[in-house]
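> Next come a sequence and a model predicted from it.
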Amino acid sequence: MSGSGDLASDIQIKVRDAIRKGTLPIGERVTEVDLAARFGVSRTPVRDAILRLEADGLLTNEPRRGLIVSNLNHQQVVELYFMREVLEGAAARLAAQSASDIELETISALSALESEPGVTLDALSDINVKIHNMIALAAHNRYLLRSLTQLGITMSLLPSLLAMGDRARSAASEHRAIVAALLERDSERAESAARAHVRSSLQHRLLQTIGRLQN
């Protein structure tokens, strides 16, 4: 039973990652058979994973369509980013105060990887997630971490912006501003930089949405 549960967790993570990277698009119909074939497993762990993904809000059962990858409307996106700004700002503030030196060095090293020549979009996406996760861990607040983890699950429904225009470059610059404040243990500046980073991300996402509506 534990093996089946572990497999279901693995599938859950893989589906979440596929949604985040856009290889499983928003609104796409999902079935047990398709997911079992996609990951080369039986339908039993897939069924368990689907239940968890529905509980997380990543999959939705729609009348006449069946199970689909959930789609957030404009208001939900704005509300989600509002909470992200509050929580990530708090995480950066606490990390500046409480992080160990090795945690700050790790965040700085991850940020430096974004500027490495030849870094791929997939690698940038993974680095981006690791930077935010490391800051959340470095805040050393279990309740904040729990809230950020749940928020991150919902954020999986919003495809990465890093391939859009100059977002990869601007995001890397914003990360460097956060890291600089963290290394100086300037909690106020770290929170301000983290909040500015989230607001910039929301602006890019809204501009992308407007452009899609006009096409």
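That came in fine, so what should we check first?

> Give me the packing partners of the helix ranked longest in the chain, helices and strands only.
Scanning the chain for the helix with the most residues, using DSSP state H, yields helix 187-214. Packed against helix 187-214 by the contact rule (3 or more CB pairs under 8 Å, 6 or more residues apart in numbering; DSSP states H and E) you find helix 74-98, helix 167-183. Every C-beta, even on glycine, is put in place using the N, C-alpha and C of the backbone.

> among the ones you listed, which is nearest R189?
Taking CB to CB, helix 167-183 is the member of the helices and strands packed on helix 187-214 nearest to R189, at 4.0 Å.

> Buried residues in the closest one, which are they?
167-168, 170-172, 174-179, 181-183 (16 or more other CB atoms under 10 Å).

> ditto for stretch 61-78
67-70, 72, 77.

> gap between that stretch and the chain center?
18 Å (CA atoms, centre = their mean, to the nearest Å).

> what residues does that stretch touch?
Residues from elsewhere that reach stretch 61-78, judged by CB atoms under 8 Å, 6 or more residues apart in numbering: 19, 24-31, 50, 54, 57-60, 80, 154, 157-158, 202, 205-206, 209.

> same check, this time on stretch 202-212
Residues outside stretch 202-212 that contact it (CB under 8 Å, 6+ apart): 74, 77-78, 81, 85, 158, 161, 164-165, 167, 170.

> What mean pLDDT does that stretch get?
Taken as a whole, stretch 202-212 has an average pLDDT of 81.

> Got the domain ranges for this protein?
2-69, 74-214 (automatic domain parsing).
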